[in-house]
Every structure is written in structure tokens, then in C-alpha cells.
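S.K.: here is a sequence together with a model predicted from it:
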Amino acid sequence: MNATVSIFIPAYNAAETLPSVIDRIEPDLWKSVNRVYMINDGSTDRTSEVMGEIAIENSSCVPVSQKVNLGYGATVKHGLALCKNDGCAFAVCLHADGQYPPESIKLFVATMRRDGVDLMQGSRIASGTALSGGMPLYKYLAGRLLTTLENRVFGLAMTDYHSGFLVYGRRTLDTVPFDRLGGGFDFDLEVIATARLAGLRIGELPIPTRYAGEKSYLNPMVYGMRVLRVLIRYHTGRYALGTR
């Protein structure tokens, strides 16, 4: 694989888990890695110090500091801006808790290049590992219900819109106005909505499910309401390019 890949990792209080995420990036992938941006979102533990230690060992890993906690969407926007500006062909969002697989990056990039996909999302449902991998039953059932509605609105046939494992192709980086989108946990869905209206090609590949007792900062009721708001905004053309 000779495409340049940049990775960004939103990290909040991730001192214990971040090193293993970096270690799981496969050795032959590093040949194609431009930068790995470790974005500290106002952590109160040793995340900043751990990032510094990682950067000393690996010059491709760049610590980025947000002095206050800005939240998931704002941190992802920061990472996307860094990747967009460094000229990479693909940008990958990994989570610092290790829930999503660095081992899948090569397959995602190769598939996107082969099939001309602009935005690829990892699906825990398509892999058949959601429940066996520890996803709580209520999250599984709520996710399936929301996905049915999302497919109807977007006109797609996805199985998991709520995975945070996303790989952005260059056309997506150059087309989607990320700075116009919100700063909450529904940011990823807003990206999909905007990409869909922009005519970009969206796809998914299976990924394993891994729940290992990570602390979640997501309120499921609030998130569900935000999903419905995104769908209403999409239906009214709110995410069309050139609108506000």
C-alpha cells in the first residue's frame, strides 16, 4: 500500500489505553503513515505525559493539546483539519480506548482505492460480533431501530451508522465543510449526511466489536434525539453544500 495515511486519535483521560492503540498499528502500515495526531481533549490524568513519551519513541506520532475539554465532535474536527492540511490521501479516526481496530486500516484503504469509496465506516453489526463482543443489549436494539430509520432517510443500506471507526478519502476531506458541523457525538452522522447530499460514495466494512469496560461519556437518550435531529435536517436539505 503506497497511499499516504494520516491517523488522528481523540483522547480524553486515555493514559492507560493510548499506548496499546499505537502498538496495534501494524509495522508495515507505518511505511505509509504520514502522521499520527494524538489529540488530548483537556484530560485530567496523565494523557499529556503519555503522549510525550510516545512521541519521543516514534517521531511520526504528534501530540496535540486542547487545554480544555471541547468534546468529541470538536476534537474530531480538529483532527480532520490537521489531516486535510498535511496532504494525506486518507484520514483515519481511531479512538484512544482501543475499541476500534488499527489492524483494519490497510483493508479499508485498499478497498476504498479499489472501489472508489470516499467515506468508509466500520460496522460491528455486519461482522456479527456486536453482542458477543460485549455491546449492551439496549444499545444493540436501539442501534438497529435507528439504523432502519437512517437507511430510509439516506437511501442507503448500511448496518451500523453509530460506529466511530471512519476512514475519510481525499474527496471527503476536500468536499465536506467540517467546521459547519456540530461538536457533539452526532458529528459522524452529520458527516455522512453531508457526504450523501454531496454525492460522495459511502460504504462500510465489518469490524470486530470490543467492549472492555471503557467509560462512556455518551448519554443514549440525548444521542438518540440528536440522531433524529440530523435526519430532519437532512430531509430539509440543511446539509447540502452552500447552505447554512
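M.R.: In hand now; what should we look at? None of the values given here were measured: they were computed from a predicted structure.
S.K.: tell me where the model's unsure across this protein.
M.R.: 1-2, 212-218, 243-244 (pLDDT under 70).
S.K.: any idea which strand is longest in it?
M.R.: The residue-count maximum for a strand in the chain (DSSP state E) belongs to strand 33-41.
S.K.: and that one, which strands flank it?
M.R.: Using DSSP bridges, strand 33-41 pairs in its sheet with strand 5-11 (parallel), strand 61-66 (parallel).
S.K.: and the next helix or strand past that strand?
M.R.: helix 47-57 (DSSP states H and E).
S.K.: just the helices in this protein please.
M.R.: Applying DSSP state H to the chain gives helices spanning 18-23, 47-57, 72-85, 105-115, 137-154, 170-175, 187-197, 220-235.
S.K.: about what we covered before: dump the strands paired with strand 33-41 to JSON lines, plus distance to Asn151 and mean neighbour count.
M.R.: C-betas here are computed from N, CA, C, even on glycine. Putting the strands paired with strand 33-41 into JSON lines (distance: least, C-beta to C-beta, whole Å; neighbours: other C-beta atoms under 10 Å) gives the following:
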{"stretch": "strand 5-11", "distance to Asn151": "27", "mean neighbour count": "26"}
{"stretch": "strand 61-66", "distance to Asn151": "34", "mean neighbour count": "18"}
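S.K.: ok, Asn151 - how many residues close by?
M.R.: Using other C-beta atoms under 10 Å, Asn151 has 14 neighbouring residues.
S.K.: ditto for Asp41
M.R.: Neighbours around Asp41, by other C-beta under 10 Å: 24.
S.K.: that one contacts Asn69, doesn't it?
M.R.: Yes - Asp41 is within contact range of Asn69, at 5.5 Å (criterion: C-beta atoms under 8 Å).
S.K.: thinking again about what came up before, ok, which of the strands paired with strand 33-41 comes nearest Arg238?
M.R.: strand 5-11 (24.8 Å; C-beta to C-beta).
S.K.: tell me how far Asn40 lies from Val62.
M.R.: Using C-beta to C-beta, to the nearest Å, Asn40 is found at 11 Å from Val62.
S.K.: and what of Tyr161?
M.R.: 30 Å.
S.K.: of all the helices of the chain, which one is nearest Val5?
M.R.: helix 105-115 (6.2 Å).
S.K.: show me what the closest one is in contact with.
M.R.: 1, 3, 5, 7, 25-26, 28-29, 32, 90, 92, 117-118, 120, 122, 167, 169, 201, 203, 205 (C-beta atoms under 8 Å, 6 or more residues apart in numbering).
S.K.: pull the distance from that helix to the chain's centre.
M.R.: 16 Å (C-alpha atoms, centre = their mean, to the nearest Å).
S.K.: what number of residues lie near Ala126?
M.R.: For Ala126, the neighbour count with other C-beta under 10 Å is 17.
S.K.: correction: the previous question concerned Ile54.
M.R.: Ile54: 20 neighbours (other C-beta under 10 Å).
S.K.: in space, what's closest to it - neighbours in sequence excluded?
M.R.: Cys61 (5.0 Å; C-beta to C-beta, 6 or more residues apart in numbering).
S.K.: is the one you found bridged to anything, and to what?
M.R.: Val36.
S.K.: same check, this time on the one 4 residues further on
M.R.: On the basis of DSSP bridges, Ser65 takes part in beta bridges with Asn40.
S.K.: from what I see, it and Asn40 are in contact.
M.R.: Yes - counting by C-beta under 8 Å, Ser65 touches Asn40, with 5.1 Å between them.
S.K.: need the contact list for the nearest residue to Thr209 once chain neighbours are set aside.
M.R.: Spatial nearest neighbour of Thr209, chain neighbours left out: Gly133 (2.7 Å); criterion: C-beta to C-beta, 6+ apart. Taking C-beta under 8 Å, 6+ apart, we find Gly133 in contact with Arg124, Pro208, Thr209, Arg210, Tyr211.
S.K.: sweet, I'm off.
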